[in-house]
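[1] Pasting the sequence and the predicted coordinates here, then a few questions.
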Amino acid sequence: MSNEITFSIDGTIVKGKPGQTIMQAADEAGIYIPRLCYLPELTPHGSCRVCTVIVNGKPQTACTQPITEGMIVENDTPELKEHRRNLVDMMFIEGNHFCMFCERSGNCELQAMAYRLGILAPKFPFFFPDKAVDSSHKDIFLDLNRCILCGRCVNASNDIDKKGAFGFVGRGIHKKIAVNSEKNLKDTNMAVTDKAASVCPVGTINKKGTAFATPYGQRMYDEKPIGSDIEAKNK
Amino acid sequence: MAKPKIATASLAGCFGCHMSILDIDERILQLIEIVDFDKSPIDDIKKFTGQCAVGLIEGGCANEENVHVLQDFRRHCDILIAVGDCAINGDIPALRNNIPLKECLDEAYLNGPSVFNPEKIIPNDKELPLCLDRVYPCSEVVKIDYSLPGCPPNAEIIWQALVAILNNKPLDLPYEIIKYD
Ligand code: SF4
Ligand code: SF4
Ligand code: FES
């Protein structure tokens, strides 16, 4: 059996290895597929759906779908762009995203994705939901107003830190992240050095005393859109 | 031919977005070559003198007067632009949206640590516009044609958007000037 799989993304021929997902093969080929919940070192969670691509005519999440010989993948189409904008718009209105005082601003993957997709304002009415802030832990604070339920903290705490500090509770619009204690984060055994403390794509899990360290203009996504590092491999 | 008119207003905002309009610096001279300012705090014209090409709105709607002003702008402006995060999503004023209005007023006028109000009066003169139950982004009150994010938006995005709109060109804003903070 050949150890190379050939398929196409938006007409470009891509070669990947058996067992790779579309996301992994695309990343290696320097093709950026927008994503929010995927992080290479964690088990894909498939929760945000931002990476949805069309595979042989059917929508699939690129972060979970394995590659197969000859598959035809569409990624950069006006329809998919619109679909991704809607998803990102919904994440903004379903939380309370006050970027102007958010510690993560400029380094936030949700905000950066909105910039990349050219969103000037969400098009849906705002929910202004009532969400909690937990600043009980001496080194970490949680602001659930900004959580996009990507599941990265859950996976990182379970699989890497082996602590299970975070989990999902509730369903649908009531779904939220909860900590593994009766009360607050301080009652768990989570430490600031845990992987779970550094994986959040937005400003929900923050390390105290680290905010606003990088000046405006020099933050991660100030100059170049999210995904530019992957696309740079292709130049 | 008469120059097109521009109007501006600040609703529930901090006037930071108006400061950003002034931050276009000497280009304001270029701007007044091509437009006349109508109702605006910049020239202190209080009432519309006619139909305007563009209205710039800073701030969301926190009270009934904000709603009236916004509706008046919608009637008088061909193109209405939400300038800044308060106009777009309510922003800092909208932090009260999860707290019942009575609790907000009690905190401000009765219970706040720096309050001195022995008669325990919550201001209720009929001259004062009534507070809304929550702060509404402009797009939830009237149709908004364009939004320029930022707190405040930088002068560059305001300038580039105005130039494009006044010249009937598409809004093609460079990546680096779109910021939500
Ligand atoms: S998490 Fe991101 S999008 Fe949300 S308020 Fe913070 S910077 Fe803005
Ligand atoms: S807290 Fe952060 S990492 Fe955890 S689910 Fe929410 S957004 Fe994802
Ligand atoms: S990145 Fe694939 S579903 Fe979120």
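    Happy to help now that I have it. Ligands and ions are numbered 1, 2, ... in the order given.
[2] just checking, residue A:20 touches residue A:64?
    No: using C-beta atoms under 8 Å, residue A:20 makes no contact with residue A:64, being 11.7 Å away. In short, each C-beta sits where N, CA and C put it, glycine included.
[3] Check which helices and strands the longest helix out of those in chain A sits against.
    Longest helix in chain A by number of residues, with DSSP state H as the criterion: helix A:78-94. With contacts taken as 3 or more C-beta pairs under 8 Å, 6 or more residues apart in numbering or on different chains; DSSP states H and E, helix A:78-94 sits against strand A:52-55, helix A:109-116.
[4] In the shortest one, which residues are buried?
    Taking 16 or more other C-beta atoms under 10 Å in any protein chain shown as the neighbour-count basis, strand A:52-55 is seen to contain the buried residues A:52-53, A:55.
[5] For residue B:106, state which of those is nearest.
    residue A:52 (47.4 Å; C-beta to C-beta).
[6] which stretch of helix or strand covers the closest residue to the closest one other than its chain neighbours?
    If the residues on either side of it in the chain are set aside, residue A:52 comes closest to residue A:59, at 5.2 Å by C-beta to C-beta, 6 or more residues apart in numbering or on different chains. Following DSSP states H and E, one finds residue A:59 within strand A:58-61.
[7] How about chain B: which residue is closest to ligand 1?
    Residue nearest to ligand 1 within chain B: residue B:180 (5.9 Å; C-beta to the nearest ligand atom).
[8] burial of that residue, as a residue count?
    26 (other C-beta atoms under 10 Å in any protein chain shown).
[9] would you say residue B:139 is within a helix?
    Yes: under DSSP: H, G, I helix; E, B strand; the rest coil, residue B:139 falls within a helix.
[10] Distance of it relative to chain A?
    Distance, residue B:139 to chain A, by C-beta to the nearest C-beta, to the nearest Å: 7 Å.
[11] contacting residues around residue A:138?
    A:186, A:208 (C-beta atoms under 8 Å, 6 or more residues apart in numbering or on different chains).
[12] per-residue confidence for it?
    pLDDT for residue A:138: 97.
[13] Just to be sure, it is in a helix?
    No: counting by three-state DSSP, one finds residue A:138 to be coil, located in no helix.
[14] Going along the chain, name the helices of the chain.
    Picking chain A for this. A:22-29, A:78-94, A:109-116, A:152-155, A:228-232.
[15] ah, I was thinking of chain B
    Counting by DSSP H, the helices of chain B are B:16-22, B:27-34, B:64-76, B:85-89, B:101-106, B:155-166.
[16] which phi and psi does the closest residue to ligand 2 within chain B have?
    Closest to ligand 2 within chain B is residue B:180: 17.1 Å, counting by C-beta to the nearest ligand atom. Main-chain torsions, residue B:180, degrees, to the nearest 10: phi -100, psi 0.
[17] quick one, what contacts the residue nearest to it when sequence neighbours are not counted?
    Leaving out its chain neighbours, the residue that sits closest to residue B:180 by C-beta to C-beta, 6+ apart is residue A:99, at 3.8 Å. By C-beta under 8 Å, 6+ apart, the contact list for residue A:99 reads A:105, A:108, A:111, B:85, B:151, B:180-181.
[18] okay, the helices and strands packed on helix A:78-94 in TSV with mean pLDDT next?
    Below are the helices and strands packed on helix A:78-94 laid out as TSV (pLDDT from 0 to 100):
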stretch	mean pLDDT
strand A:52-55	98
helix A:109-116	98
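[19] nearest to ligand 2, of these?
    That would be, of these and by C-beta to the nearest ligand atom, helix A:109-116, which comes in at 8.2 Å.
[20] Understood, closing this out.
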